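*Asks:* Structure for the following, please:
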Amino acid sequence: MAKPKILVVGSFVMDQIATTEVFPREGQTVLGGTFTKAPGGKGANQAVQMARLGADVTMVGKLGRDGNGEDMIRTCQEAGIHTEYVLYDEELPTGCSVIILEEAPGKQTVNRIIVLSGSNMSITPDDIAFLKEKIADYDLVVLQLEIPMEINELVAAYAYEKGVPVMLNSAPSAPLSDELLSHLTYISPNEHEAYDMVGIRISHSGKDVNLEEAKAATAALKAKGVKNVLITLGESGAVLDTEKDGFFYSPCVDGIMAVDPTAAGDSFVGALSVGLCCGWGYEETLRFANHTAGLTVSAMGAMPSLPTLEKVEAFLKEKTGSAPDVSVLK
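*Replies:* Residues are numbered from 1 along each chain as shown. Alright, predicted model coming up:
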């Protein structure tokens with residue numbers, strides 16, 4: 001079996017991260033703690049996580065001709081991602097974000113994020129027309145919602161026509177057409193994005209999750225045409241409702257103190273995608289994804305915090321005594 005070949009079509013975002021002990025109120029100024037920059041963006045984060053876990057990853061997205069773009073492409077290449085199809089906008093800057101982390105003593109870190117799209121939103125249908133045929137080369141296509149919806153719809157249609165599975169991480173929240181939903185093999189919103197789509201809240205606290213509400217939410221999404229629905233629940237883990245094999249709940253890893261939750265969802269989706277391509281069982285794949293995300297939240301920055309396969313394998317064995325067969329990824 002060859003390494004999974006995964007295509008990511010998505011965003012590049014340079015994160016600018018400020019820490020504070022308290023979020024400022026309206027009209028208030030507070031003195032913060034630290035400031036750092038780190039490459040990120042949902043598309044690039046997920047691509048880097050998959051590559052660090054051993055998948056053969058190709059990234060399609062658009063950068064500006066600037067220093068942030070140079071840093072982004074270098075980080076992706078260092079992770080082993082194929083970047084020959086990365087596009088450039090000659091006028092717009094590379095996408096960036098402003099992230100405020102509230103680090104109160106003794107409490108889990110929480111974040112607020114503003115994304116400034118820049119070149120991410122200038123991808124055109126002509127830019128990705130080559131994928132109509134090329135897309136058949138991949139085992140999985142992974143999409144998010146930080147690029148034009150028209151591009152996501154086109155790529156999903158191309159993949160569907162060629163019989164290639166599509167994973168949509170439906171973040172940030174946005175209306176999705178019936179046609180796009182019908183072309184998806186997997187959708188992976190968080191609980192808030194799922195609520196925006198189906199109006200069902202999932203009550204949870206720690207490992208105590210209202211599974212009836214979770215099943216109602218996933219069933220409502222499946223009724224819209226998606227075959228398999230994953231909903232992440234923050235520190236409570238995730239639920240997965242599959243087309244043929246039933247419903248699964250996977251809790252988060254115990255004993256993790258979140259330092260920076262910024263890329264946790266991207267890490268989870270990246271690891272989940274790798275596990276699905278490897279053909280592991282759903283429970284094993286969810287456990288792998290939860291442990292990968294657990295390592296991610298315990299370190300600062302988006303891409304800098306994304307762990308390697310060796311770290312995840314060791315962490316799984318430490319916490320559970322076993323790990324899936326990752327030989328194809330090495």
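*Asks:* Who are the packing partners of the helix or strand containing Ala159?
*Replies:* Using DSSP states H and E, Ala159 falls within helix 149-162. If contacts are counted by 3 or more C-beta pairs under 8 Å, 6 or more residues apart in numbering; DSSP states H and E, helix 149-162 sits against strand 5-9, helix 131-134, strand 140-143, strand 166-168, helix 178-182. Any C-beta I mention is one placed from the backbone N, CA and C, and that applies to glycine too.
*Asks:* could you dump the first one to CSV, C-alpha only?
*Replies:* C-alpha atoms of strand 5-9 as CSV (Å, rounded to 0.1, in the frame of the first residue of the first chain):
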residue,chain,number,x,y,z
LYS,A,5,-2.2,11.0,-1.7
ILE,A,6,-4.3,13.9,-0.4
LEU,A,7,-5.1,17.2,-2.2
VAL,A,8,-5.9,20.2,-0.1
VAL,A,9,-7.4,23.2,-1.8
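*Asks:* May I have the strands that pair with it, each with its orientation?
*Replies:* The strands beside strand 5-9 in its sheet (DSSP bridges) come out as strand 56-60 (parallel), strand 140-143 (parallel).
*Asks:* Format the helices and strands packed on helix 149-162 as JSON lines; extra columns: mean pLDDT and mean neighbour count.
*Replies:* Listed next are these as JSON lines, based on pLDDT from 0 to 100; neighbours: other C-beta atoms under 10 Å:
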{"stretch": "strand 5-9", "mean pLDDT": "98", "mean neighbour count": "26"}
{"stretch": "helix 131-134", "mean pLDDT": "98", "mean neighbour count": "16"}
{"stretch": "strand 140-143", "mean pLDDT": "98", "mean neighbour count": "26"}
{"stretch": "strand 166-168", "mean pLDDT": "98", "mean neighbour count": "25"}
{"stretch": "helix 178-182", "mean pLDDT": "96", "mean neighbour count": "16"}
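*Asks:* so which of the ones you listed gets nearest Gly41?
*Replies:* Distance to Gly41, taken as C-beta to C-beta, is lowest for strand 5-9 among the helices and strands packed on helix 149-162, at 10.4 Å.
*Asks:* now that closest one, how far from the chain's geometric center?
*Replies:* Distance of strand 5-9 from the chain centroid (C-alpha atoms, centre = their mean, to the nearest Å) equals 12 Å.
*Asks:* Contacts made by that strand with the rest, please.
*Replies:* 43-44, 46-47, 50, 55-61, 128, 131, 135, 137-143, 147, 151-152, 155, 273-274, 277 (C-beta atoms under 8 Å, 6 or more residues apart in numbering).
*Asks:* Which among the residues you listed count as buried?
*Replies:* 43-44, 46-47, 50, 55-61, 128, 131, 135, 138-143, 147, 151-152, 155, 273-274, 277 (16 or more other C-beta atoms under 10 Å).
*Asks:* Find the nearest non-adjacent residue to Ser11, please.
*Replies:* Spatial nearest neighbour of Ser11, excluding adjacent residues (C-beta to C-beta, 6 or more residues apart in numbering): Glu146 at 3.5 Å.
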